[in-house]
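>>> Generate coordinates for the sequence data below:
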Amino acid sequence: MLMMGYLIWFNVAVAPGIINNPYNKRVDNQENKVVRGDILASDGSVLATTEVDEDGKETRVYPFGNTFCHVVGLSSAKTGIEGMENYHLLSEDANVLKQLANDATGEKAMGNTSITTLDMDLQETAYNALGDNKGAVIVMEPKTGKILAMVSKPDYDPNDAATDYSEWLTYDSTDSVLLNRATQGLYPPGSTFKIITALEYIREYDEDDYSYDCTGSAYAQGGTTIPCSNNKAHGQENLQKAFANSCNSAFSSIGLQLDKTKFRSLCNTLLFNSKLPINMEHSVSSFAVDETSGISEVQETAIGQGRTMVSPIHNLMITAAVANNGVMMKPYLVDRVETAEGTLVEQYQPQEAATVMTAEESGLITEYMRSVVTSGTGYALKNASYEAAGKTGSAQYDSSENVHSWFVGFAPFDDPQIAVCVVLEGGYTGKDAQYTAKKVFNEYFK
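Okay, the predicted model is just below:
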């Protein structure tokens, strides 16, 4: 019975990962008898296909070039959806008679088709909105976890991989075109982390009792001086106003009031220091505060600086959980798999990752995020036709004046349909991340 239980567990939990592992040569051997299947956008547009010439030579073609390069990935490198869906794309699920006929004649079968959740218009809007900046844009349905768009730059044309891939590998990490910054990039979260700091505060204290007089900076004995942006003095603030103003002074002081063990426990619940429930290659976000942390580290961590690092996909998952009454959904990129003839092979369904906060807590944080737009730093969205909620962030990362610009948010705030995360790496041109996000929201609610 132990063996039976193990075999069931193995086939359900372990086998899919082994089958689809890029090092599994048995799957690659399928290329000898199966033409790699297509990858489609949600509207049926072809994102990746295999062309076969008169001599039987196969070429993987990506009709939209750079626009989908990171999320669709490369078949040769088994990255992105090409890697996630490798097994399905090299599998044939036609009827038995057709399989036997193909085996008898030696003719290659056509692999299955993976239909993604990606929205053509949103993807192209996000790609154009990011412009020439380094960074990432991700769009998700907060209630389902369905990824609607994922863009990373610098980018590349996957159609050139056969000739240019070796050169791409020589780029350093700051300019790498192969790095999917949406899932593999790690950045200090800046003020977007105040969502988490505020959440821990309202768990430990009565938010109605909070009051702070901001003079433009805050000093803690044994710690350091934390300035507000441009040393602006925000004056008397309650918690919601401090959040809307993104007041560093207030939040660095709040951090020192928090129980460090509970703060760390919350961040672990939010999947810091853990792998995320997403099949695509990604980096692990880090939260370093513990009982041994000093005053300065706690101050910096509370405002999203210090050693805290987060990936854009993770920041989006946390934001979407706020939008979804505290339930964090597993992000997914493939809606269904069909045979080349259109017969359904597998239909994917939304899955919960965890309940990370109560509905009451998420409702209160939503109010705070709405006030960011109506009376705080999220002014770009204030007069939009839709009612958005969000959090801006500027993250220092070195000794220069350049900062990473963040925006996370969702709309409509009272019935969220879409959540967006944008990060612009330091040295970005033009306006900050909230304006990039606004273009995506505008396209969705056009």
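
>>> Just the element for W406, please.
Using DSSP states H and E, W406 maps to strand 403-411.

>>> Sheet partners, orientation included, of the next helix or strand after that strand?
Following strand 403-411 in sequence order, the next helix or strand is strand 418-424 (DSSP H and E). If you go by DSSP bridges, strand 418-424 pairs up with strand 135-140 (antiparallel), strand 403-411 (antiparallel).

>>> right, so of these, which gets closest to A198?
Set against A198 and scored by Cβ to Cβ, the strands paired with strand 418-424 come closest in strand 403-411, at 13.4 Å. From N, CA and C alone the C-beta is placed, and that goes for glycine too.

>>> Just the CA coordinates for that closest one, please, in CSV.
Listed next in CSV are the C-alpha coordinates belonging to strand 403-411 (Å, rounded to 0.1, in the frame of the first residue of the first chain):
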residue,chain,number,x,y,z
VAL,A,403,16.2,55.1,-9.2
HIS,A,404,14.0,52.3,-10.3
SER,A,405,10.4,53.5,-10.8
TRP,A,406,7.6,51.2,-9.8
PHE,A,407,3.8,51.1,-10.1
VAL,A,408,1.4,48.4,-8.9
GLY,A,409,-2.3,48.7,-9.1
PHE,A,410,-5.7,47.4,-10.2
ALA,A,411,-9.0,48.7,-11.6
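
>>> Make CSV from the strands paired with strand 418-424 and add distance to S362 and mean neighbour count to it.
Formatted as CSV, the strands paired with strand 418-424 follow (distance: least, Cβ to Cβ, whole Å; neighbours: other Cβ atoms under 10 Å):
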stretch, distance to S362, mean neighbour count
strand 135-140, 16, 28
strand 403-411, 11, 27
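
>>> Go through those and name the closest to M120.
Of all those, it is strand 135-140 that lies closest to M120, at 12.3 Å by Cβ to Cβ.

>>> Could you pull up the mean pLDDT of that closest one?
For strand 135-140, mean pLDDT rounds to 98.

>>> Show the contacting residues for the residue lying closest to P189 once chain neighbours are set aside.
Spatial nearest neighbour of P189, excluding adjacent residues (Cβ to Cβ, 6 or more residues apart in numbering): G304 at 4.2 Å. Counting by Cβ atoms under 8 Å, 6 or more residues apart in numbering, G304 touches 188-194, 393, 395.

>>> For those residues, work out which two are farthest apart.
The distance between the two most remote of the contacts of G304 (Cβ to Cβ) is 12.7 Å, for P188 and K194.

>>> Near V284, how many residues? Count them for me, please.
15 (other Cβ atoms under 10 Å).

>>> helix or strand for the residue nearest the centre of the chain, which one?
The chain has I313 as the residue nearest its centroid, 1.6 Å off, counting by Cα atoms, centre = their mean. Element membership for I313, per DSSP H and E: helix 312-323.

>>> Next secondary structure element downstream of that helix?
strand 327-329.

>>> Name the surrounding residues that touch that next one.
Strand 327-329 has contacts (Cβ under 8 Å, 6+ apart) with 142-145, 270-271, 317-318, 320-321, 350-356.

>>> try stretch 70-89
By Cβ under 8 Å, 6+ apart, stretch 70-89 touches 16, 19-20, 22, 27, 36-37, 39, 47-48, 60, 62, 111-112, 114, 116, 118, 123, 147, 150-152, 155, 158, 161-162, 165, 178, 180-182, 279-281, 333-334, 337, 345-346.

>>> How far does it sit from its chain's centre?
Its chain's C-alpha centre and that of stretch 70-89 lie 18 Å apart, by Cα atoms, centre = their mean, to the nearest Å.

>>> Show me which residues of that stretch are buried.
For stretch 70-89, the neighbour count (16 or more other Cβ atoms under 10 Å) marks 70-75, 77-89 as buried.

>>> Strands - which of those land there?
Within the buried residues of stretch 70-89, no residue falls in strands by DSSP state E.

>>> Spell out the secondary structure type for the nearest residue to F243 once chain neighbours are set aside.
Sequence neighbours aside, Y368 is the residue nearest to F243 in space, at 4.3 Å (criterion: Cβ to Cβ, 6+ apart). Classification of Y368 by DSSP: H, G, I helix; E, B strand; the rest coil places it in helix.

>>> how close does Y368 sit to Q299?
Per Cβ to Cβ, to the nearest Å, Y368 is found 21 Å from Q299.

>>> Go ahead and confirm the residue nearest to F243 touches A244.
Yes - under the criterion of Cβ atoms under 8 Å, Y368 makes contact with A244 at 6.9 Å.

>>> so where is the chain shaky, pLDDT-wise?
Within the chain, the ranges that satisfy pLDDT under 70 run 16, 19-20, 22-23, 28, 94-106.

>>> Helices of the stretch 1-150 of the chain, start to end?
2-9, 15-19, 25-28, 69-72, 80-84, 86-89, 96-105, 120-130 (DSSP state H, counting those that start in this stretch).

>>> Next step: the contacts of strand 327-329 restricted to strands.
Judged by DSSP E, strands contain the following of the contacts of strand 327-329: 352-355.

>>> got a winner among those residues for most neighbours?
For the ones in strands among the contacts of strand 327-329, neighbours tallied by other Cβ under 10 Å; top is A353, 17 neighbours.
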